[in-house]
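Structural data only, the sequence is not supplied:
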DNA sequence: AATAATAAATAGACAATGTCTATATTGACT
DNA sequence: AGTCAATATAGACATTGTCTATTTATTATT
(Lines give C-alpha, C1' and ligand atoms only; values in the text may rest on other atoms or scores of the structure.)
Protein backbone atom coordinates (compact mmCIF):
# COMPACT_ATOMS: atom_id res chain seq x y z
CA UNK A 1 0.00 0.00 0.00
CA UNK A 2 1.13 3.50 -0.64
CA UNK A 3 -0.07 5.39 2.37
CA UNK A 4 -1.72 3.61 5.20
CA UNK A 5 0.33 2.03 7.98
CA UNK A 6 3.46 2.11 5.90
CA UNK A 7 5.65 4.58 7.77
CA UNK A 8 6.54 5.48 11.30
CA UNK A 9 3.32 6.77 12.61
CA UNK A 10 1.14 5.33 9.96
CA UNK A 11 -1.25 7.66 8.27
CA UNK A 12 -0.13 10.81 10.01
CA UNK A 13 -1.28 13.11 7.25
CA UNK A 14 -4.86 12.00 7.67
CA UNK A 15 -4.61 12.14 11.45
CA UNK A 16 -3.30 15.71 11.29
CA UNK A 17 -6.15 16.64 9.00
CA UNK A 18 -8.78 15.11 11.25
CA UNK A 19 -7.32 16.59 14.41
CA UNK A 20 -7.12 20.01 12.81
CA UNK A 21 -10.77 19.86 11.80
CA UNK A 22 -11.73 18.77 15.28
CA UNK A 23 -9.84 21.68 16.85
CA UNK A 24 -11.35 24.07 14.33
CA UNK A 25 -14.88 23.06 15.23
CA UNK A 26 -14.11 23.18 18.93
CA UNK A 27 -11.86 26.23 19.38
CA UNK A 28 -12.18 28.24 16.20
CA UNK A 29 -9.57 29.19 13.66
CA UNK A 30 -7.15 30.71 16.13
CA UNK A 31 -6.97 27.39 17.93
CA UNK A 32 -5.69 25.59 14.88
CA UNK A 33 -1.95 26.01 15.32
CA UNK A 34 0.68 23.67 13.99
CA UNK A 35 1.85 22.93 17.49
CA UNK A 36 -1.63 22.30 18.91
CA UNK A 37 -2.43 19.91 16.08
CA UNK A 38 0.86 18.08 16.58
CA UNK A 39 0.23 17.92 20.32
CA UNK A 40 -3.23 16.40 19.97
CA UNK A 41 -1.97 14.03 17.32
CA UNK A 42 0.71 12.87 19.73
CA UNK A 43 3.72 13.82 17.63
CA UNK A 44 6.43 16.42 17.98
CA UNK A 45 5.86 19.97 16.81
CA UNK A 46 8.20 19.45 13.91
CA UNK A 47 6.49 16.39 12.51
CA UNK A 48 3.69 18.06 10.53
CA UNK A 49 6.07 19.79 8.15
CA UNK A 50 6.60 16.50 6.37
CA UNK A 51 2.94 16.46 5.36
CA UNK A 52 1.91 20.10 5.30
CA UNK A 53 4.53 22.65 4.31
CA UNK A 54 3.25 25.22 6.77
CA UNK A 55 0.13 26.36 8.55
CA UNK A 56 -1.26 27.85 5.36
CA UNK A 57 -1.00 24.52 3.59
CA UNK A 58 -2.86 22.76 6.39
CA UNK A 59 -5.65 25.32 6.48
CA UNK A 60 -5.88 25.25 2.69
CA UNK A 61 -6.40 21.50 2.82
CA UNK A 62 -9.20 21.99 5.34
CA UNK A 63 -10.84 24.62 3.14
CA UNK A 64 -10.62 22.52 0.01
CA UNK A 65 -12.33 19.62 1.70
CA UNK A 66 -15.17 21.86 2.85
CA UNK A 67 -15.76 23.18 -0.65
CA UNK A 68 -15.77 19.60 -1.92
CA UNK A 69 -18.41 18.75 0.65
CA UNK A 70 -20.53 21.70 -0.38
CA UNK A 71 -20.16 20.75 -4.03
CA UNK A 72 -21.30 17.21 -3.24
CA UNK A 73 -24.29 18.47 -1.28
CA UNK A 74 -25.30 20.73 -4.13
CA UNK A 75 -24.88 17.93 -6.66
CA UNK A 76 -27.03 15.64 -4.56
CA UNK A 77 -29.66 18.32 -4.13
CA UNK A 78 -29.80 19.10 -7.82
CA UNK A 79 -30.35 15.49 -8.77
CA UNK A 80 -33.11 15.22 -6.21
CA UNK A 81 -34.63 18.33 -7.73
CA UNK A 82 -35.64 16.36 -10.78
CA UNK A 83 -38.07 14.53 -8.55
CA UNK A 84 -39.67 17.35 -6.60
CA UNK A 85 -40.13 20.82 -7.98
CA UNK A 86 -37.77 22.83 -5.77
CA UNK A 87 -35.50 25.26 -7.51
CA UNK A 88 -31.75 25.76 -7.61
CA UNK A 89 -32.29 28.68 -5.26
CA UNK A 90 -33.37 26.32 -2.51
CA UNK A 91 -30.71 23.76 -3.33
CA UNK A 92 -27.75 26.13 -3.33
CA UNK A 93 -29.18 28.34 -0.63
CA UNK A 94 -29.93 25.61 1.84
CA UNK A 95 -26.66 23.83 1.12
CA UNK A 96 -24.72 26.95 2.05
CA UNK A 97 -26.91 28.08 4.93
CA UNK A 98 -27.12 24.67 6.53
CA UNK A 99 -23.38 24.18 6.24
CA UNK A 100 -22.68 27.56 7.77
CA UNK A 101 -25.00 27.08 10.70
CA UNK A 102 -23.77 23.57 11.42
CA UNK A 103 -20.09 24.42 11.13
CA UNK A 104 -19.66 28.13 11.80
CA UNK A 105 -15.90 27.97 12.29
CA UNK A 106 -15.41 26.00 9.11
CA UNK A 107 -17.53 28.46 7.20
CA UNK A 108 -15.62 31.42 8.54
CA UNK A 109 -12.33 29.81 7.54
CA UNK A 110 -13.46 29.47 3.94
CA UNK A 111 -13.08 33.21 3.41
CA UNK A 112 -9.89 33.88 5.32
CA UNK A 113 -7.88 34.76 2.27
CA UNK A 114 -5.05 35.83 4.55
CA UNK A 115 -4.67 32.28 5.85
CA UNK A 116 -5.47 30.24 2.76
CA UNK A 117 -3.37 29.70 -0.35
CA UNK A 118 -5.54 31.03 -3.16
CA UNK A 119 -2.90 29.99 -5.68
CA UNK A 120 -3.55 26.33 -4.98
CA UNK A 121 -4.76 24.89 -8.31
CA UNK A 122 -6.85 22.17 -6.70
CA UNK A 123 -8.63 24.72 -4.57
CA UNK A 124 -9.29 26.98 -7.52
CA UNK A 125 -10.65 24.03 -9.46
CA UNK A 126 -13.23 23.05 -6.89
CA UNK A 127 -14.30 26.66 -6.45
CA UNK A 128 -14.70 27.01 -10.19
CA UNK A 129 -16.78 23.86 -10.30
CA UNK A 130 -19.17 25.25 -7.72
CA UNK A 131 -19.47 28.55 -9.53
CA UNK A 132 -19.96 26.86 -12.89
CA UNK A 133 -22.65 24.62 -11.51
CA UNK A 134 -24.48 27.65 -10.17
CA UNK A 135 -24.22 29.39 -13.53
CA UNK A 136 -25.47 26.32 -15.34
CA UNK A 137 -28.60 26.23 -13.22
CA UNK A 138 -29.18 29.93 -13.65
CA UNK A 139 -28.84 29.73 -17.40
CA UNK A 140 -31.24 26.84 -17.56
CA UNK A 141 -33.99 28.81 -15.87
CA UNK A 142 -33.19 32.33 -16.98
CA UNK A 143 -33.46 32.34 -20.74
CA UNK A 144 -33.95 35.99 -21.51
CA UNK A 145 -34.05 37.86 -18.24
CA UNK A 146 -33.27 41.47 -17.70
CA UNK A 147 -30.08 40.67 -15.76
CA UNK A 148 -27.19 38.74 -17.18
CA UNK A 149 -26.25 35.36 -15.86
CA UNK A 150 -23.18 36.48 -13.94
CA UNK A 151 -24.97 39.29 -12.19
CA UNK A 152 -27.59 36.87 -10.94
CA UNK A 153 -24.90 34.44 -9.83
CA UNK A 154 -22.90 37.12 -8.06
CA UNK A 155 -26.01 38.54 -6.42
CA UNK A 156 -27.07 35.14 -5.16
CA UNK A 157 -23.65 34.25 -3.80
CA UNK A 158 -23.40 37.67 -2.21
CA UNK A 159 -26.78 37.46 -0.55
CA UNK A 160 -26.13 34.02 0.90
CA UNK A 161 -22.59 34.73 2.00
CA UNK A 162 -23.39 38.15 3.35
CA UNK A 163 -26.22 36.85 5.47
CA UNK A 164 -24.17 33.97 6.84
CA UNK A 165 -21.10 36.04 7.50
CA UNK A 166 -23.01 38.80 9.26
CA UNK A 167 -24.94 36.40 11.40
CA UNK A 168 -21.98 34.23 12.31
CA UNK A 169 -20.06 37.39 13.20
CA UNK A 170 -22.93 38.44 15.42
CA UNK A 171 -23.12 41.82 13.76
CA UNK A 172 -26.27 43.65 12.69
CA UNK A 173 -28.25 40.43 12.54
CA UNK A 174 -29.49 38.97 15.83
CA UNK A 175 -28.38 35.47 16.72
CA UNK A 176 -31.91 34.12 16.78
CA UNK A 177 -32.89 35.78 13.54
CA UNK A 178 -36.52 35.02 12.78
CA UNK A 179 -39.43 36.57 11.00
CA UNK A 180 -42.84 35.84 12.49
CA UNK A 181 -41.47 32.84 14.32
CA UNK A 182 -39.79 31.14 11.40
CA UNK A 183 -36.11 31.38 10.45
CA UNK A 184 -35.40 34.24 8.13
CA UNK A 185 -33.47 32.15 5.66
CA UNK A 186 -36.70 31.03 4.03
CA UNK A 187 -37.78 34.65 3.68
CA UNK A 188 -34.48 35.56 2.07
CA UNK A 189 -34.76 32.75 -0.45
CA UNK A 190 -38.33 33.80 -1.22
CA UNK A 191 -37.13 37.33 -1.69
CA UNK A 192 -34.59 36.23 -4.23
CA UNK A 193 -37.16 34.18 -6.08
CA UNK A 194 -39.10 37.34 -6.76
CA UNK A 195 -36.15 38.57 -8.74
CA UNK A 196 -35.58 35.76 -11.15
CA UNK A 197 -37.51 32.92 -12.70
CA UNK A 198 -36.34 29.75 -11.02
CA UNK A 199 -38.72 26.92 -11.76
CA UNK A 200 -37.61 24.34 -14.22
CA UNK A 201 -41.01 23.36 -15.47
CA UNK B 1 -5.98 71.43 28.34
CA UNK B 2 -6.92 67.92 29.26
CA UNK B 3 -5.16 65.84 26.67
CA UNK B 4 -2.91 67.45 24.15
CA UNK B 5 0.76 68.06 24.88
CA UNK B 6 0.22 67.63 28.57
CA UNK B 7 2.11 64.44 29.30
CA UNK B 8 5.38 62.82 28.43
CA UNK B 9 4.92 62.08 24.85
CA UNK B 10 2.05 64.40 24.26
CA UNK B 11 -1.01 62.97 22.62
CA UNK B 12 0.23 59.41 22.38
CA UNK B 13 -3.23 57.89 22.25
CA UNK B 14 -4.01 59.74 19.06
CA UNK B 15 -0.61 58.94 17.60
CA UNK B 16 -1.09 55.26 18.31
CA UNK B 17 -4.49 55.35 16.66
CA UNK B 18 -3.17 57.09 13.55
CA UNK B 19 -0.14 54.84 13.25
CA UNK B 20 -2.30 51.76 13.65
CA UNK B 21 -4.62 52.91 10.89
CA UNK B 22 -1.65 53.63 8.66
CA UNK B 23 -0.21 50.18 9.22
CA UNK B 24 -3.63 48.63 8.64
CA UNK B 25 -3.99 50.27 5.25
CA UNK B 26 -0.43 49.42 4.31
CA UNK B 27 0.14 45.90 5.65
CA UNK B 28 -3.30 44.52 6.47
CA UNK B 29 -4.72 43.39 9.77
CA UNK B 30 -1.93 40.99 10.61
CA UNK B 31 0.54 43.86 10.46
CA UNK B 32 -1.25 45.74 13.20
CA UNK B 33 0.53 44.40 16.27
CA UNK B 34 0.96 46.25 19.52
CA UNK B 35 4.71 46.15 19.11
CA UNK B 36 4.74 47.33 15.51
CA UNK B 37 2.48 50.25 16.38
CA UNK B 38 4.67 51.17 19.34
CA UNK B 39 7.78 50.87 17.17
CA UNK B 40 6.47 53.19 14.47
CA UNK B 41 5.18 55.59 17.08
CA UNK B 42 8.67 55.71 18.57
CA UNK B 43 7.78 54.43 22.02
CA UNK B 44 8.54 51.27 23.92
CA UNK B 45 6.42 48.18 23.44
CA UNK B 46 4.90 48.59 26.86
CA UNK B 47 3.72 52.14 26.37
CA UNK B 48 0.45 51.48 24.52
CA UNK B 49 -1.11 49.64 27.43
CA UNK B 50 -1.68 52.97 29.14
CA UNK B 51 -4.04 53.99 26.36
CA UNK B 52 -5.37 50.74 24.95
CA UNK B 53 -5.80 47.84 27.32
CA UNK B 54 -4.76 45.28 24.75
CA UNK B 55 -4.70 44.65 21.03
CA UNK B 56 -8.43 44.01 20.98
CA UNK B 57 -9.11 47.44 22.47
CA UNK B 58 -6.95 49.12 19.84
CA UNK B 59 -8.60 47.29 16.96
CA UNK B 60 -12.03 47.99 18.43
CA UNK B 61 -11.23 51.70 18.45
CA UNK B 62 -10.24 51.49 14.80
CA UNK B 63 -13.45 49.70 13.93
CA UNK B 64 -15.64 52.13 15.79
CA UNK B 65 -14.13 55.06 13.98
CA UNK B 66 -14.79 53.41 10.63
CA UNK B 67 -18.43 52.79 11.44
CA UNK B 68 -18.72 56.41 12.51
CA UNK B 69 -17.29 57.47 9.18
CA UNK B 70 -19.75 55.29 7.31
CA UNK B 71 -22.61 56.66 9.38
CA UNK B 72 -21.53 60.21 8.55
CA UNK B 73 -21.28 59.41 4.85
CA UNK B 74 -24.75 57.91 4.88
CA UNK B 75 -26.15 60.86 6.77
CA UNK B 76 -24.62 63.27 4.29
CA UNK B 77 -25.92 61.25 1.38
CA UNK B 78 -29.43 61.08 2.77
CA UNK B 79 -29.63 64.81 3.23
CA UNK B 80 -28.41 65.32 -0.32
CA UNK B 81 -31.10 62.94 -1.43
CA UNK B 82 -33.74 65.52 -0.69
CA UNK B 83 -32.32 67.53 -3.59
CA UNK B 84 -31.90 64.89 -6.27
CA UNK B 85 -34.13 61.87 -6.58
CA UNK B 86 -31.69 59.08 -5.76
CA UNK B 87 -32.90 56.46 -3.34
CA UNK B 88 -31.61 55.11 -0.05
CA UNK B 89 -30.43 52.08 -1.99
CA UNK B 90 -27.87 54.19 -3.80
CA UNK B 91 -26.92 56.14 -0.71
CA UNK B 92 -26.28 53.18 1.55
CA UNK B 93 -25.00 50.98 -1.23
CA UNK B 94 -22.46 53.41 -2.56
CA UNK B 95 -21.37 54.46 0.92
CA UNK B 96 -20.51 50.87 1.76
CA UNK B 97 -19.10 49.86 -1.61
CA UNK B 98 -16.96 52.94 -1.98
CA UNK B 99 -15.62 52.58 1.51
CA UNK B 100 -14.79 48.93 0.97
CA UNK B 101 -13.00 49.49 -2.30
CA UNK B 102 -11.03 52.46 -1.02
CA UNK B 103 -10.01 50.83 2.25
CA UNK B 104 -10.14 47.06 1.79
CA UNK B 105 -8.17 46.25 4.94
CA UNK B 106 -10.32 48.53 7.05
CA UNK B 107 -13.45 46.95 5.64
CA UNK B 108 -12.19 43.45 6.33
CA UNK B 109 -11.38 44.37 9.90
CA UNK B 110 -14.95 45.50 10.55
CA UNK B 111 -16.16 41.91 10.55
CA UNK B 112 -13.35 40.23 12.46
CA UNK B 113 -15.46 39.38 15.45
CA UNK B 114 -12.56 37.34 16.79
CA UNK B 115 -10.42 40.47 17.08
CA UNK B 116 -13.00 43.09 18.03
CA UNK B 117 -14.79 43.58 21.33
CA UNK B 118 -18.45 43.23 20.44
CA UNK B 119 -19.40 44.00 24.04
CA UNK B 120 -18.16 47.56 23.69
CA UNK B 121 -21.25 49.72 24.30
CA UNK B 122 -20.02 52.59 22.14
CA UNK B 123 -19.43 50.24 19.24
CA UNK B 124 -22.85 48.67 19.63
CA UNK B 125 -24.41 52.10 19.70
CA UNK B 126 -22.93 53.27 16.43
CA UNK B 127 -23.82 49.97 14.77
CA UNK B 128 -27.38 50.29 15.99
CA UNK B 129 -27.56 53.82 14.67
CA UNK B 130 -26.55 52.66 11.21
CA UNK B 131 -29.05 49.84 11.24
CA UNK B 132 -31.83 52.07 12.54
CA UNK B 133 -31.17 54.66 9.87
CA UNK B 134 -31.40 51.97 7.22
CA UNK B 135 -34.68 50.73 8.66
CA UNK B 136 -36.08 54.25 8.80
CA UNK B 137 -35.42 54.75 5.11
CA UNK B 138 -36.92 51.40 4.24
CA UNK B 139 -40.05 52.07 6.22
CA UNK B 140 -40.48 55.43 4.57
CA UNK B 141 -40.53 53.91 1.11
CA UNK B 142 -42.05 50.54 1.78
CA UNK B 143 -45.48 51.16 3.23
CA UNK B 144 -47.21 47.86 2.58
CA UNK B 145 -44.80 45.63 0.78
CA UNK B 146 -44.86 41.91 0.69
CA UNK B 147 -41.68 41.63 2.78
CA UNK B 148 -41.33 43.01 6.26
CA UNK B 149 -38.97 45.83 7.01
CA UNK B 150 -36.31 43.74 8.74
CA UNK B 151 -36.16 41.20 5.96
CA UNK B 152 -35.51 43.95 3.46
CA UNK B 153 -32.88 45.49 5.72
CA UNK B 154 -31.15 42.18 6.31
CA UNK B 155 -31.27 41.31 2.63
CA UNK B 156 -29.78 44.63 1.63
CA UNK B 157 -26.99 44.46 4.20
CA UNK B 158 -26.30 40.88 3.22
CA UNK B 159 -26.13 41.64 -0.48
CA UNK B 160 -23.77 44.57 -0.02
CA UNK B 161 -21.55 42.90 2.53
CA UNK B 162 -21.48 39.60 0.72
CA UNK B 163 -20.42 41.20 -2.53
CA UNK B 164 -17.72 43.27 -0.89
CA UNK B 165 -16.40 40.46 1.24
CA UNK B 166 -16.25 37.99 -1.62
CA UNK B 167 -14.54 40.44 -3.93
CA UNK B 168 -12.06 41.67 -1.38
CA UNK B 169 -11.25 38.07 -0.53
CA UNK B 170 -10.65 37.41 -4.20
CA UNK B 171 -13.01 34.46 -4.15
CA UNK B 172 -15.65 33.60 -6.74
CA UNK B 173 -15.80 37.17 -7.95
CA UNK B 174 -13.06 38.37 -10.30
CA UNK B 175 -10.99 41.32 -9.15
CA UNK B 176 -12.03 43.46 -12.11
CA UNK B 177 -15.67 42.58 -11.80
CA UNK B 178 -17.60 44.30 -14.56
CA UNK B 179 -20.72 43.75 -16.59
CA UNK B 180 -20.60 45.05 -20.15
CA UNK B 181 -17.71 47.33 -19.32
CA UNK B 182 -19.23 49.00 -16.27
CA UNK B 183 -18.67 48.04 -12.65
CA UNK B 184 -21.11 45.48 -11.44
CA UNK B 185 -22.04 47.38 -8.33
CA UNK B 186 -24.51 49.47 -10.32
CA UNK B 187 -26.11 46.31 -11.66
CA UNK B 188 -26.43 44.91 -8.16
CA UNK B 189 -28.11 48.04 -6.90
CA UNK B 190 -30.46 47.99 -9.88
CA UNK B 191 -31.24 44.39 -9.14
CA UNK B 192 -32.20 45.22 -5.60
CA UNK B 193 -34.39 48.08 -6.75
CA UNK B 194 -36.50 45.59 -8.65
CA UNK B 195 -37.38 44.03 -5.35
CA UNK B 196 -38.62 46.94 -3.37
CA UNK B 197 -40.09 50.36 -3.96
CA UNK B 198 -37.38 52.86 -3.18
CA UNK B 199 -38.30 56.28 -4.51
CA UNK B 200 -39.41 58.84 -2.06
CA UNK B 201 -41.70 60.74 -4.37
C1' DA C 1 7.73 76.12 46.87
C1' DA C 2 8.32 71.53 48.45
C1' DT C 3 6.34 67.21 48.53
C1' DA C 4 3.14 63.50 47.89
C1' DA C 5 0.27 61.15 44.57
C1' DT C 6 -0.80 59.84 40.08
C1' DA C 7 -0.18 59.00 35.26
C1' DA C 8 2.90 57.45 31.74
C1' DA C 9 6.81 55.24 29.81
C1' DT C 10 10.62 51.89 30.11
C1' DA C 11 12.97 47.50 30.32
C1' DG C 12 12.84 42.92 31.26
C1' DA C 13 10.52 38.60 31.61
C1' DC C 14 7.41 34.75 30.27
C1' DA C 15 4.85 31.53 27.47
C1' DA C 16 3.21 30.54 22.89
C1' DT C 17 3.84 30.31 17.98
C1' DG C 18 5.85 29.44 13.08
C1' DT C 19 9.64 27.92 11.08
C1' DC C 20 14.48 26.49 10.52
C1' DT C 21 18.41 23.20 11.34
C1' DA C 22 20.81 19.23 12.80
C1' DT C 23 20.10 14.68 14.25
C1' DA C 24 18.13 10.28 14.75
C1' DT C 25 15.05 6.66 13.32
C1' DT C 26 12.25 3.90 10.38
C1' DG C 27 11.09 1.37 6.30
C1' DA C 28 11.91 0.15 1.37
C1' DC C 29 14.88 -1.47 -2.02
C1' DT C 30 19.11 -3.38 -3.83
C1' DA D 1 23.40 -6.65 5.23
C1' DG D 2 23.55 -2.15 3.59
C1' DT D 3 22.16 2.11 1.28
C1' DC D 4 18.99 5.70 0.88
C1' DA D 5 15.08 8.51 1.26
C1' DA D 6 11.17 9.52 4.02
C1' DT D 7 9.85 10.68 8.49
C1' DA D 8 10.12 12.07 13.25
C1' DT D 9 12.59 14.47 17.06
C1' DA D 10 14.73 18.12 19.76
C1' DG D 11 16.54 22.38 19.96
C1' DA D 12 16.99 27.00 18.41
C1' DC D 13 15.50 31.66 16.93
C1' DA D 14 12.70 35.67 16.14
C1' DT D 15 8.18 37.50 16.90
C1' DT D 16 4.14 38.39 19.52
C1' DG D 17 0.85 39.65 23.62
C1' DT D 18 0.91 40.52 28.12
C1' DC D 19 2.68 40.93 32.89
C1' DT D 20 5.65 43.12 36.52
C1' DA D 21 9.00 46.20 38.51
C1' DT D 22 11.02 50.39 38.00
C1' DT D 23 11.78 55.00 36.58
C1' DT D 24 10.24 59.42 35.01
C1' DA D 25 7.16 63.23 34.31
C1' DT D 26 3.06 65.67 35.50
C1' DT D 27 -0.53 67.07 38.74
C1' DA D 28 -2.30 67.95 43.22
C1' DT D 29 -1.74 69.07 47.98
C1' DT D 30 0.14 71.05 51.81
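Structure received. Not measured: the values here are computed from a predicted model. Numbers count the residues shown, from 1 in each chain, chains lettered A, B, ... in the order given.

where do the helices sit along chain A?
Secondary structure of chain A (DSSP state H): helices at A:12-27, A:34-41, A:55-81, A:88-102, A:104-110, A:121-141, A:149-169, A:184-195.

Can you tell me which of the ones you listed is packed in deepest?
helix A:149-169 (a mean of 23; mean count of other CB atoms under 10 Å in any protein chain shown). C-beta: built from backbone N, CA, C; applies to glycine.

So which elements touch it?
Contact partners of helix A:149-169 among helices and strands, from 3 or more CB pairs under 8 Å, 6 or more residues apart in numbering or on different chains; DSSP states H and E: helix A:88-102, helix A:104-110, helix A:121-141, helix A:184-195, helix B:149-169, helix B:184-195.

Can you name the residues that contact residue A:61?
If a contact means CB atoms under 8 Å, 6 or more residues apart in numbering or on different chains, then residue A:61 has A:17, A:52 as its contacts.

nearest to DNA strand D, of the helices and strands packed on helix A:149-169?
Put simply, out of those the one that sits nearest DNA strand D is helix A:121-141, at 18.8 Å, with distance taken as CB to the nearest atom of the strand.

can you state the direction angle for that closest one and helix A:88-102?
140 degrees (axes from the mean of the first three to the mean of the last three CA atoms, to 10 degrees).

residues making contact with helix A:121-141?
Helix A:121-141 is contacted from outside by A:60, A:63-64, A:67-68, A:70-71, A:74-75, A:78, A:87-88, A:91-92, A:116-118, A:149-150, A:152-153, A:156-157, A:196-200, B:171-172, using CB under 8 Å, 6+ apart.

from the middle of its chain, how far away would it be?
Mean C-alpha position of helix A:121-141 versus that of the full chain (CA atoms, centre = their mean, to the nearest Å) differs by 13 Å.

quick one: is stretch A:63-82 near chain B?
No: judged by CB under 8 Å from any CB of the partner chain, stretch A:63-82 and chain B are separated, with a smallest distance of 10.0 Å.

I'd like the mean pLDDT over that stretch, please.
Per-region confidence: stretch A:63-82 scores 94 on mean pLDDT.

can you list contacts of that stretch?
By CB under 8 Å, 6+ apart, the surrounding residues in contact with stretch A:63-82 are A:17, A:21, A:87-88, A:90-92, A:94-96, A:98-99, A:103, A:106-107, A:109-110, A:116, A:120, A:122-123, A:126-127, A:129-130, A:133, A:137, A:200.

Would you format the helices of chain A as a markdown table with distance to residue B:183 included?
Formatted as a markdown table, the helices of chain A follow (distance: least, CB to CB, whole Å):
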| stretch | distance to residue B:183 |
| --- | --- |
| helix A:12-27 | 36 |
| helix A:34-41 | 41 |
| helix A:55-81 | 27 |
| helix A:88-102 | 25 |
| helix A:104-110 | 25 |
| helix A:121-141 | 19 |
| helix A:149-169 | 11 |
| helix A:184-195 | 20 |
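
Residue B:161 is nearest to which of these?
Closest to residue B:161 of those is helix A:149-169 (CB to CB; 4.1 Å).

what inclination does the closest one have with respect to helix A:121-141?
Taking the same axes, to 10 degrees, one finds helix A:149-169 and helix A:121-141 inclined to each other by 120 degrees.

what's the angle from helix A:149-169 to helix A:184-195?
160 degrees.

Distance from the chain centre to helix A:149-169, please.
Taking CA atoms, centre = their mean, one finds helix A:149-169 lying 13 Å from the centre of the chain it belongs to.

how far away is the residue in chain A positioned nearest to chain B from DNA strand C?
Taking CB to the nearest CB as the measure, chain A has residue A:162 as its residue closest to chain B, at 2.7 Å. Taking CB to the nearest atom of the strand, to the nearest Å as the measure, residue A:162 and DNA strand C are separated by 29 Å.

Pull the contacting residues for the nearest residue to residue A:180 once chain neighbours are set aside.
Using CB to CB, 6 or more residues apart in numbering or on different chains and skipping residues adjacent in sequence, the residue nearest residue A:180 is residue B:148, 7.7 Å away. Residues in contact with residue B:148, defined by CB under 8 Å, 6+ apart, are A:179-180, A:187.

ok, back up a step: just confirm the residue of chain A closest to chain B contacts residue B:154, I think it does.
No: applying CB atoms under 8 Å as the test, residue A:162 and residue B:154 come out as separate, 9.1 Å apart.

low-confidence ranges in chain A?
Under the criterion of pLDDT under 70, the regions of chain A flagged as low confidence span A:1-9, A:83, A:85, A:143-145, A:197-201.

can we see that at 50?
Using pLDDT under 50 as the threshold, the predicted model of chain A has low-confidence ranges A:1-6, A:201.

Tell me if I'm right that residue A:45 and residue A:39 touch.
Yes: Residue A:45 is in contact with residue A:39 according to CB under 8 Å; the separation is 7.5 Å.

thinking again about what came up before, do you know how far the residue nearest to residue A:180 is from DNA strand D?
Residue B:148 sits at a distance of 41 Å from DNA strand D (criterion: CB to the nearest atom of the strand).

again with residue A:182
As judged by CB to the nearest atom of the strand, residue A:182 and DNA strand D stand 40 Å apart.

so that residue bridges to which residues?
residue A:179 (DSSP bridges).
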